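Chemist: Sharing a model prediction with you, sequence too.
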Amino acid sequence: KAQLCYSNALNLYITDYNQNPNDYIAYRLGNMYLKGLGTDMNINQAIYWFSEAEKFENANAAYQLGYIYHSEKYGLQNNELASNYFRKALSAYLIRFNNNQTDSELALRIGTFYQYGLGIERDIEKALLWYKKAVELGNIKAQQKIEETNTQQQITVLNLASIAAHMGKIINTETIAAAKQKYTSDSKQLRDEKIQKIKLGHAVSDNPISYDY
């Protein structure tokens with residue numbers, strides 16, 4: 001029954017769009033094809049309808065296109081296209097938030113752009129600032145994102161510390177190896193000099209220091 005209702009809605013949306021093209025209907029159609037609501041999932045149709053909505057500067061459609069080209073799920077990965085669409089979406093979201101600074105869901109979504117580096121350089125501090133704004137506006141999910149982000153930071157710090165310790169161990173090992181090599185080389189030179197002195201009739205050692213060859 002649900003699929004039948006979705007199918008009827010899909011056909012009505014297409015009819016409505018043909019009569020009155022607009023981003024709202026195009027975006028809804030994109031989602032229906034992306035999720036297989038009332039029809040088989042069709043990523044090409046989803047891209048078509050999201051692209052139609054994006055022509056009207058629909059930020060959500062730009063985000064969905066960025067996601068499609070960013071994800072491995074659809075086999076269409078294109079980092080350049082993904083970044084371009086994500087940048088368009090973020091720019092529109094920032095403008096929208098400036099016009100309505102009580103939208104907690106929007107603040108949460110903006111935070112994800114910075115957390116994951118979607119179309120921009122990854123910036124955990126900015127991500128946390130946006131998540132905190134969302135929490136202040138009463139968004140519970142944003143608190144979970146703060147905890148998740150803090151955990152990621154801790155893991156990153158631990159990984160960096162582990163790498164540093166490992167590199168320090170390598171450097172230390174290399175230093176010891178170099179010292180051993182130098183000792184061996186110096187010892188060989190001293191031994192050769194000692195043999196030469198013996199051949200020339202000199203004393204075994206010209207100084208009281210004894211060397212272990």
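Modeler: Okay, I see it. Numbers count the residues shown, from 1 in each chain.
Chemist: What degree of burial does residue 149 show, as a neighbour count?
Modeler: Neighbour count for residue 149, taken as other CB atoms under 10 Å: 19. To be clear about C-beta, it is placed using only N, CA and C from the backbone, and glycine gets the same treatment.
Chemist: Let me know the distance separating it from residue 108.
Modeler: If you measure residue 149 against residue 108 using CB to CB, to the nearest Å, the figure is 12 Å.
Chemist: Any regions of the chain where pLDDT drops low?
Modeler: For the chain, the stretches with pLDDT under 70 are 152-213.
Chemist: need the helices for it, in chain order.
Modeler: 2-19, 23-35, 43-55, 59-70, 79-99, 104-116, 124-136, 140-199 (DSSP state H).
Chemist: which one of the ones you listed is the most hemmed in?
Modeler: When you average the neighbours per residue for each of those (mean count of other CB atoms under 10 Å), helix 59-70 leads with a mean of 22.
Chemist: And the contacts of that helix?
Modeler: When contacts are defined by CB atoms under 8 Å, 6 or more residues apart in numbering, helix 59-70 is touched by residues 23, 26-27, 30-31, 34, 43, 46-47, 50-51, 53-54, 74, 76-79, 81-86, 88-89, 92-93, 96, 109, 118-119.
Chemist: Check stretch 100-116 too.
Modeler: With CB under 8 Å, 6+ apart as the criterion, stretch 100-116 contacts 63, 86, 89-90, 93-94, 96-97, 118-120, 122-124, 126-131, 133-134, 137-139, 141-142, 145, 149.
Chemist: so what's the nearest residue to residue 52 once chain neighbours are set aside up against?
Modeler: Spatial nearest neighbour of residue 52, excluding adjacent residues (CB to CB, 6 or more residues apart in numbering): residue 26 at 4.0 Å. Listed by CB under 8 Å, 6+ apart, the contact set of residue 26 reads 17, 49, 50, 52, 53, 56, 58, 61.
Chemist: Make TSV out of the residues you listed and add distance to residue 3.
Modeler: Formatted as TSV, the contacts of residue 26 follow (distance: CB to CB, whole Å):
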residue	distance to residue 3
17	21
49	19
50	22
52	24
53	23
56	28
58	26
61	24
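Chemist: Between residue 149 and residue 108, which contacts overlap?
Modeler: residue 131.
Chemist: gap between residue 70 and residue 20?
Modeler: Distance of residue 70 to residue 20, computed by CB to CB: 31 Å.
Chemist: hmm, back to that, gap between the residue nearest to residue 52 and residue 34?
Modeler: Noted for residue 26: a distance of 12 Å to residue 34, by CB to CB.
Chemist: what's the answer for residue 53, then?
Modeler: With CB to CB as the criterion, residue 53 and residue 34 are 12 Å apart.
Chemist: if we can go back for a sec, mutual contacts of residue 26 and residue 34, please.
Modeler: Shared contacts of residue 26 and residue 34, counting by CB under 8 Å, 6+ apart, come down to residue 50.
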